[in-house]
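J.: Okay, sequence plus prediction incoming.
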Number of protein chains: 2
Amino acid sequence: MEDLKLTTRAENFSDWYNQLVQRAELADYGPVRGTMVVRPYGWALWENIQKALDSRFKATGHVNAAFPMLIPQSFMTKEKEHVEGFAPELAVVTYGGGQELEEPLVLRPTSETVIGTMYAKWIQSYRDLPILINQWANVVRWEMRTKLFLRTLEFYWQEGHTAHATEVEAVEETERMLGVYADFAINEAAVPVIPGRKSENEKFAGARATYSIEAVMQDGKALQSGTSHFLGQNFSKAFDIKFLDENNQLQYAWTTSWGLSTRFIGAIIMTHGDDQGLVLPPNLAPIQVVIVPIYRKDEEKGAVMEAVARVSAGLDGLRVHVDDREGITPGFKFNHWELKGVPLRVEIGPKDVQNNTLAISRRDLPGREGKRFVPMAGFEAAIRDELKDIQRALLTRAIDFRDRHIYDVNNYDEFKAVVEDKGWAKVWWSDDSDAEKQIKEETKATLRCFARDVEGEGVCFYSGRKTNQVVYFARSY
Amino acid sequence: MEDLKLTTRAENFSDWYNQLVQRAELADYGPVRGTMVVRPYGWALWENIQKALDSRFKATGHVNAAFPMLIPQSFMTKEKEHVEGFAPELAVVTYGGGQELEEPLVLRPTSETVIGTMYAKWIQSYRDLPILINQWANVVRWEMRTKLFLRTLEFYWQEGHTAHATEVEAVEETERMLGVYADFAINEAAVPVIPGRKSENEKFAGARATYSIEAVMQDGKALQSGTSHFLGQNFSKAFDIKFLDENNQLQYAWTTSWGLSTRFIGAIIMTHGDDQGLVLPPNLAPIQVVIVPIYRKDEEKGAVMEAVARVSAGLDGLRVHVDDREGITPGFKFNHWELKGVPLRVEIGPKDVQNNTLAISRRDLPGREGKRFVPMAGFEAAIRDELKDIQRALLTRAIDFRDRHIYDVNNYDEFKAVVEDKGWAKVWWSDDSDAEKQIKEETKATLRCFARDVEGEGVCFYSGRKTNQVVYFARSY
């Protein structure tokens, strides 16, 4: 399969993505329409994402737990907006143990309702607050048009759910976790996301406000890559999450929720990938360095493999793979690991042994440009430095791409031309939900988020009204 | 809640367990009957179990992946014994996205069917074998009588699924993973399990042979704590997992599966717990050392907290918690952390500061016996050594308990008396499925597993026939 060339991004970006996900063995479709199998290479990537996020969650005071996947159908209806948002996407269990159930159960599309019910039971007093819990879980949303990682019937995510004594604390938490997501995306995945508040039309069903990190894909579309919701007292009132405050007054708690899913793998693929395959950021790559021994004659093998073993042992703490498969050409191996996006390739052949060198090739720089020889003396530091440099270079390149694909737009004609095939439109915007719907209908572009740190005033590109708000519009996944 | 005394084990072992699980905040019941919420303290314990197992799986060449939870109902019927075993326990999804489904879907009770389907797709040649995949997942089994951790509608586990070119390799894998489970149980959880083959009556639905690790609980009952199945070619034939061998002949693969679940937390509780609460093995305890600062006057606080900070900093790499809550007595804190089973408590008061000492108390040794003073000079090594000693002591005590509660039994009257309330019966057994069923009906005792390394011959306690097989019978969870 691997020797068949990928469709190029320019030919058909969507085909390129679909082929790449399957050929790089990240994921496959399951037997039920729209379900996903995350294959070992894809899951190893997800595990590295999990570690990077989980350590950040714990550093900000959160703990993990696990709540049931099965939710009484009636729970979904307790928060009015929540049920409207999720009802069309529910999977419903009607039989259990051979019996028809008295009340159907839904598979969690998200867990505010079941977690809210438990919080109502656990929280009595202000001393019980805040509660800062996260869970790593699978969720089910009945999507009609599916695409691996981006939209499948079942997917994997983490969902944080917190309860606080005051509105201020809950708002701070919402912002803090948005910041955690942005820090993770930028510094671990080299995906230079833009964080900001969503519009009323685009917010989470039941939230007072939703914030997201938004990423620019190489086809110019936006990918919402993580969300953080300030839920106000909406779920507290629906699920009766109350506490006695310091003055012995009964109060509703203030809650938040925030999630990032396996969809983020899609963001990594479409930010960094090229026509040869995946390009993975060293901080998250399942394999950071692949070593390919090269020899033609049996008498060369011993010395080469001895050098390979020395290099491999010297890279302790890095994720290193030695591709010592027999009967496969080096060229085939190079293509294989390029497809898989391994950041750095090390080649060691008889000449290298003789010259006391090794050849290193960067995945992010094509051909000769990314290849150089490194003396065996000091290879450890050279390789570690190179990985750091690749991580930096990927981010720099992605920032450059992002900034070249966000256009300041002043009128609707320009806007249409931009979102049609160029990228994002950054516009002054006199917030208007109906206008936003109209634009979506006419251009398929949605309001991705409000820009932060806007200074001064401008004229709304659509209404012509004066405004101090700037937003991003784009077509999105 | 915590100041209410637990029911003692002697009064009512089952009540003791149920109270302890909830009061120690390990788990709670979810809103749907029989579902479980694993609370942060319980999940932290599970995360440590996961780490200890996952590193062993990876060291034996396995990788992780994730397969869909939704399985077409027809898949369950493809392996005849499998469907008979699991049909009564299935939860069935009949609606998705507001539409009745053409084919109902079941929530995985285990994943042989869906994983087998994918393996059939991925495996072409002997070069693709072995496949050694594990997944950490939730599964659903519609149990009527539920008990937290031991039997709930949804639970958490890992399930390994491997495919091999030869029967010998698959049998080796089955045995290897049984060994991994036993090593984990004994050396990390200090649960001295007995590994062995299950009888035909008790094996997994669809397996050629099932092996399990069996643990003796403090009420004398057995708890099956992990299983490893040799599936032969049963699932390969049902799901068409075929490969071309080295001679270009099409062959069915040989498969195995093996699983260990959150049920294991029940094994830890019922092996080590006492009337004061949990007793957790240091290797898995979410908190290994709790430090309680003790002072009465404000002017004592500074020096005490300074010593606490010094000790805490000196225990880098251990899981340490400082209980610096104000307005709560030391006695209350001691009870709290005893209930939670923290292996070692450190107290530091003004006298300790003066004498350059600290007091350490072992959870596994009650009162004075487990308390001693340690000089500040060298506390790091003293505490680390003490934790190792606790780990060893728990295992020694549990082995002793186990061996005192397994009785060599020679006739059915003795047998009945033993399994009624004393413990396990170890007997010579002329393997007979009907007799086994009869015994189960009359005594509620089941054949737990075949003893290994049996020498010589004996007389079956039940049939009076000569045999070279020895088995364990017990009532079980």
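T.: Yes, it's here. Numbers count the residues shown, from 1 in each chain, chains lettered A, B, ... in the order given.

J.: Now the stretch 201-350 of chain A against chain B: closest residue?
T.: Residue nearest to chain B within the stretch 201-350 of chain A (C-beta to the nearest C-beta): A:Thr262, separated by 8.6 Å. (Each C-beta comes from the backbone N, C-alpha and C, glycine too.)

J.: So what's the residue count around that residue?
T.: Each residue near A:Thr262 was counted by other C-beta atoms under 10 Å in any protein chain shown, and the total is 25.

J.: so which strand or helix has the closest residue to it other than its chain neighbours?
T.: Once flanking residues are discounted, A:Thr262 sits nearest to A:Tyr156: 4.6 Å by C-beta to C-beta, 6 or more residues apart in numbering or on different chains. Element membership for A:Tyr156, per DSSP states H and E: strand A:154-164.

J.: Give me the angle between the following helix or strand past that strand and strand A:154-164.
T.: Using DSSP H and E, the next helix or strand after strand A:154-164 towards the C-terminus is helix A:167-187. If you take axes from the mean of the first three to the mean of the last three C-alpha atoms, to 10 degrees, helix A:167-187 sits at 140 degrees to strand A:154-164.

J.: how near is the residue of the stretch 201-350 of chain A closest to chain B to A:Leu26?
T.: Going from A:Thr262 to A:Leu26 by C-beta to C-beta, to the nearest Å gives 10 Å.

J.: Now list whatever residues contact both of these two.
T.: Jointly contacting A:Thr262 and A:Leu26 under the rule C-beta atoms under 8 Å, 6 or more residues apart in numbering or on different chains are A:Val38, A:Phe149.

J.: now the helices for chain A?
T.: A:13-23, A:40-59, A:73-76, A:80-86, A:112-122, A:167-187, A:234-239, A:263-272, A:298-314, A:330-339, A:350-355, A:379-404, A:412-417, A:433-443 (DSSP state H).

J.: could these be laid out in CSV, adding distance to B:Trp136, mean pLDDT and mean neighbour count?
T.: Shown next, in CSV, are these (distance: least, C-beta to C-beta, whole Å; pLDDT from 0 to 100; neighbours: other C-beta atoms under 10 Å in any protein chain shown):
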stretch, distance to B:Trp136, mean pLDDT, mean neighbour count
helix A:13-23, 22, 98, 18
helix A:40-59, 10, 98, 18
helix A:73-76, 26, 94, 18
helix A:80-86, 26, 88, 17
helix A:112-122, 21, 97, 24
helix A:167-187, 21, 98, 20
helix A:234-239, 29, 96, 23
helix A:263-272, 18, 98, 25
helix A:298-314, 28, 95, 15
helix A:330-339, 27, 96, 17
helix A:350-355, 41, 95, 15
helix A:379-404, 28, 98, 17
helix A:412-417, 46, 97, 15
helix A:433-443, 39, 97, 14
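
J.: May I see those arranged in TSV, with distance to B:Glu202 as well?
T.: Formatted as TSV, those follow (distance: least, C-beta to C-beta, whole Å):
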stretch	distance to B:Glu202
helix A:13-23	41
helix A:40-59	32
helix A:73-76	37
helix A:80-86	43
helix A:112-122	35
helix A:167-187	47
helix A:234-239	43
helix A:263-272	41
helix A:298-314	46
helix A:330-339	46
helix A:350-355	58
helix A:379-404	52
helix A:412-417	69
helix A:433-443	60
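
J.: per-domain residue ranges of chain A.
T.: Following automatic domain parsing, one finds the domains of chain A at A:13-272, A:289-386, A:406-474.

J.: Out of these, flag the one nearest B:Gln50.
T.: Nearest to B:Gln50, of all the domains of chain A, is domain A:13-272, at 10.7 Å by C-beta to C-beta.

J.: list the contacts for the residue nearest to A:Thr262?
T.: Shown in contact with A:Tyr156 (C-beta under 8 Å, 6+ apart): A:Val38, A:Trp46, A:Trp136, A:Ala137, A:Asn138, A:Ser261, A:Thr262, B:Ala66.

J.: Can you name the residues bridging to it?
T.: A:Asn138 (DSSP bridges).

J.: returning to that earlier point: alpha carbons only: can I get the strand holding A:Tyr156 in CSV?
T.: Presented in CSV, the C-alpha positions along strand A:154-164 are these (Å, rounded to 0.1, in the frame of the first residue of the first chain):
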residue,chain,number,x,y,z
GLU,A,154,-17.7,7.5,19.1
PHE,A,155,-14.6,9.5,20.0
TYR,A,156,-12.2,9.9,22.8
TRP,A,157,-11.6,13.0,24.9
GLN,A,158,-11.1,14.5,28.3
GLU,A,159,-13.9,16.5,29.9
GLY,A,160,-13.2,18.7,32.9
HIS,A,161,-16.2,19.6,35.1
THR,A,162,-15.7,22.0,38.0
ALA,A,163,-18.0,23.6,40.5
HIS,A,164,-17.2,26.9,42.4
